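Enquirer: I'd like to go over a predicted model; first the sequence, then the structure.
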Amino acid sequence: MNTPESPSRHLSVHIDRTAEDVYAYASAPAHLPEWASGLSSSVEEIDGQWIADSPMGRVVVTFAPQNAFGVLDHDVTLPSGERVHNPVRVIAHTSGCEVVFTLRRRPGMSDDDFRRDAEAVTADLAALKRVLERD
């Protein structure tokens, strides 16, 4: 039987830095182009909103308010006006932390498109690891 992939995938990376360090860096929208090329090649704050140049066009990125729980959820408003919610957590671990991104399949998304999204998120998480572990 040929069934579509699950509507969600949990993608993660271990980073050899404290959860606090990773959260502080990753929660700053200005850092997005340094590690999240799947989302942003450049970003600027305009009238209190973070506007990113992305592979999908110009998008608005809105992060959850700063918090002590490692919640890095963010909404991306696409040029079409569609808003995509992205749950992300930074979880402390005895030897650093884990960053977990829950990728959700959007309605009408093909298996190939969902796999490509997962590959882009995985590459972004690997870049986050490289950036934070080189310091």
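Expert: Structure received. Residues are numbered from 1 along each chain as shown.
Enquirer: hmm, who's touching the helix or strand that contains Val22?
Expert: Using DSSP states H and E, the element containing Val22 is helix 19-26. With C-beta atoms under 8 Å, 6 or more residues apart in numbering as the test, helix 19-26 has contacts from 15, 31, 35, 70, 72, 88, 90-93, 96-97, 99, 128, 131-132. (C-beta placed from N, C-alpha, C; glycine too.)
Enquirer: sitting in helices, which of the residues you listed do you find?
Expert: Applying DSSP state H to these, the entries found in helices are Trp35, Leu128, Val131, Leu132.
Enquirer: surely the third one is in contact with Glu34?
Expert: So the one you mean is Val131. Yes. Counting by C-beta atoms under 8 Å, Glu34 is a contact partner of Val131 at 5.7 Å.
Enquirer: hang on, the earlier thing: same question for the helix holding Val22, mean pLDDT?
Expert: Average pLDDT, helix 19-26: 97.
Enquirer: from the contacts of helix 19-26, which land in strands?
Expert: Ile15, Val88, Val90, Ile91, Ala92, His93, Gly96, Cys97, Val99 (DSSP state E).
Enquirer: need the buried ones from these selected in ChimeraX.
Expert: Filtering those down to the buried ones (16 or more other C-beta atoms under 10 Å) takes a single ChimeraX command:
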select :15,88,90,96,97,99
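Enquirer: can you tell me which of the ones in strands among the contacts of helix 19-26 lies closest to Arg106?
Expert: Nearest to Arg106 among those is Val88, at 16.7 Å by C-beta to C-beta.
Enquirer: excluding its backbone neighbours, what's nearest the closest one?
Expert: Once flanking residues are discounted, Val88 sits nearest to Leu72: 3.9 Å by C-beta to C-beta, 6 or more residues apart in numbering.
Enquirer: no further queries at this time; thank you.
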